[in-house]
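Trainee: Generate a structure from the sequence data that follows.
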Amino acid sequence: MTDPEALRDAARLLFDHGPAGWHTAELSVDLVARGHGGAGVRYRTADGDGVHVPAMSHDAIGAPMTELFGRLVAGTGFRQVAVHLTVDAGGEYDAVARFGLRAANVGNTYTAVFRRDLPPETLDPEPVVLDRTYAGDPDRAVALLLDQAGDRAGDDLPPGATGDEIAAAEAALGHPLPPDLRALYALADGGGDIDGWTRYTLAEVVDAYEITSVPAEAGWSIGWKRVVLDTDPADTVRRASGHPGWIPIADDSGGNYLAVDLAPARNGRPGQVIEVGVDSATQPGYVAESVTAVLAGGACPAAPRHHLRLQVSDEAGLEPLRNQPDLQELLVTGGPVDTAPLAGLRRLRSLSVYARADLGPVRELPVEHLGANCASDLAPLAGHPTLRSLRLTKGVTPADLAPLRTVPNLHGLSLADADVADLTVLADLPALVYLELSFDQWRRLRPLLDRTGLHAATLAGNPTHRQAIEWRSFFDADPAETARRGTSARGRL
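Mentor: Below you'll find the model as predicted:
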């Protein structure tokens, strides 16, 4: 059971070390079993000036913070606790603590997760593949691997897998291997390489399949706005970071995999070779139409860059975009800009324009993530079929969110940097599951929180420790849960 006197004793510690002329002391820390972080202890005089107290420096309070952590988490099972404590020179104090509340490494944000299931990576329908035949040639694949090994084949290539071993691997994967790949394993169970990648044994294929068969790991802080881009040639590989139809066959020892794709997109073919993994999490890469083609030296060169950061600083504006119709990701800094050239970017999936701009061209584009100035008129977004996440930045006039009521797939919204005319609109957004607001915005929205159906919420806008602890309490519907996970105390020493 949490020690009810722990916070009082911490307040006494600050009070006892108050320097001459101090008015207010504040302790703001993240406590873990073997250390603490955060702002530490700060003393201020009545005019607001800070006073340094060496005996209460970060290093000096290590032992009492360790003791405080132990007393607060006793009997709870928690491994981290956030504490904010204020004491005045008259002995009045206020203390709050919250278990499991930790700031993110970037931007001093806090995220509360209520449901861990992220939205699907795309809204793409199940593709109708135009050509379902395999392109590989088993005999040629075997000849190419033997030729690659040369005179050393007997030494470098291990024995082949038996028919039963191959069948067992296929059963574990839930997919039959392409004929050319099956022939290679009958020749040699691993050994050699594929276009410079280390070739897997069947056992390694089954082990690595646990990674390539599922979407890449991503928390809500990243996953809410992640966009998976199309590869080249277009519409050959599904837009995904992982899929049950992707069978790994080799790796580069750096978290990247060559895989045979048994579930291609419309213009792909089963058995095609693709590149997936950490460097392809937001854009899988097409390599070749088959393992045979890779062994024959038919791998595609690196895909062209389809993202661009454009600094608008001259009269050309966005005109250079007219020569890049395949652009899929665009960040425009500076402005104002004429957005008319955006109309030609028929593959654009992610767009950020942080100056006030006409969003009219966005209406006809397959944009899934949009960053926009809150002064931009959002009316063109009404009913947008593919828009899934939106970040608004500060502008000269408040944003009118009303057009978003008809955006059917808008699951993520960040407004912490923006001024919003009416936050009550948020309760009417049909698909909203992630929301990022400032502390003041969350406080204004609090009466409507039970209507939002959020899976995750983020506090942004550089909040104080005290605000973060108070914000987290907004989501505690059960008084028993509030009592167990948080505590507050007011009193005199």
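Trainee: How is this protein divided into domains?
Mentor: Split into domains by automatic domain parsing, the chain comes to 6-101, 138-295, 307-480.
Trainee: can I get these in a markdown table with distance to Gly491?
Mentor: The C-beta positions use only the backbone N, C-alpha and C, and glycine is treated the same way. A markdown table is the format used below for these (distance: least, CB to CB, whole Å):
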| stretch | distance to Gly491 |
| --- | --- |
| domain 6-101 | 6 |
| domain 138-295 | 37 |
| domain 307-480 | 17 |
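Trainee: out of those, which comes closest to Val129?
Mentor: domain 138-295 (5.7 Å; CB to CB).
Trainee: can you give me how far the closest one is from the chain middle?
Mentor: 25 Å (CA atoms, centre = their mean, to the nearest Å).
Trainee: got it, and stretch 5-19?
Mentor: Using CA atoms, centre = their mean, the offset of stretch 5-19 from its chain centre is 40 Å.
Trainee: For it, buried residues please.
Mentor: The neighbour-count check on stretch 5-19 (16 or more other CB atoms under 10 Å) flags Ala6, Leu7, Arg8, Ala10, Ala11, Leu13, Leu14, Phe15, His17, Gly18 as buried.
Trainee: again, but for stretch 452-471
Mentor: 452, 454-461, 463, 465-471.
Trainee: and if you look at stretch 134-152?
Mentor: For stretch 134-152, using 16+ other CB under 10 Å, the buried residues are Tyr134, Ala135, Gly136, Asp137, Pro138, Arg140, Ala141, Val142, Leu144, Leu145, Ala149.
Trainee: re the thing from before, save the buried residues of stretch 5-19 as TSV, and put in distance to Ile211 too.
Mentor: Shown next, in TSV, are the buried residues of stretch 5-19 (distance: CB to CB, whole Å):
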residue	distance to Ile211
Ala6	44
Leu7	45
Arg8	50
Ala10	45
Ala11	49
Leu13	49
Leu14	49
Phe15	54
His17	52
Gly18	55
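Trainee: picking that back up, could you dump the buried residues of stretch 134-152 into CSV and include pLDDT and distance to Val362?
Mentor: Shown next, in CSV, are the buried residues of stretch 134-152 (pLDDT from 0 to 100; distance: CB to CB, whole Å):
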residue, pLDDT, distance to Val362
Tyr134, 96, 40
Ala135, 94, 38
Gly136, 95, 42
Asp137, 97, 46
Pro138, 97, 49
Arg140, 97, 48
Ala141, 95, 46
Val142, 94, 52
Leu144, 93, 48
Leu145, 91, 49
Ala149, 78, 54
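Trainee: Tell me which entries of the residues you listed lie within strands.
Mentor: Among these, DSSP state E puts none in strands.
Trainee: Now do the phi/psi pair for the residue lying closest to Phe439 once chain neighbours are set aside.
Mentor: Leaving aside its chain neighbours, Phe439 sits nearest to Gln467 (4.3 Å; criterion: CB to CB, 6 or more residues apart in numbering). Dihedral angles of Gln467 (phi, psi; degrees, to the nearest 10) stand at phi -70, psi -40.
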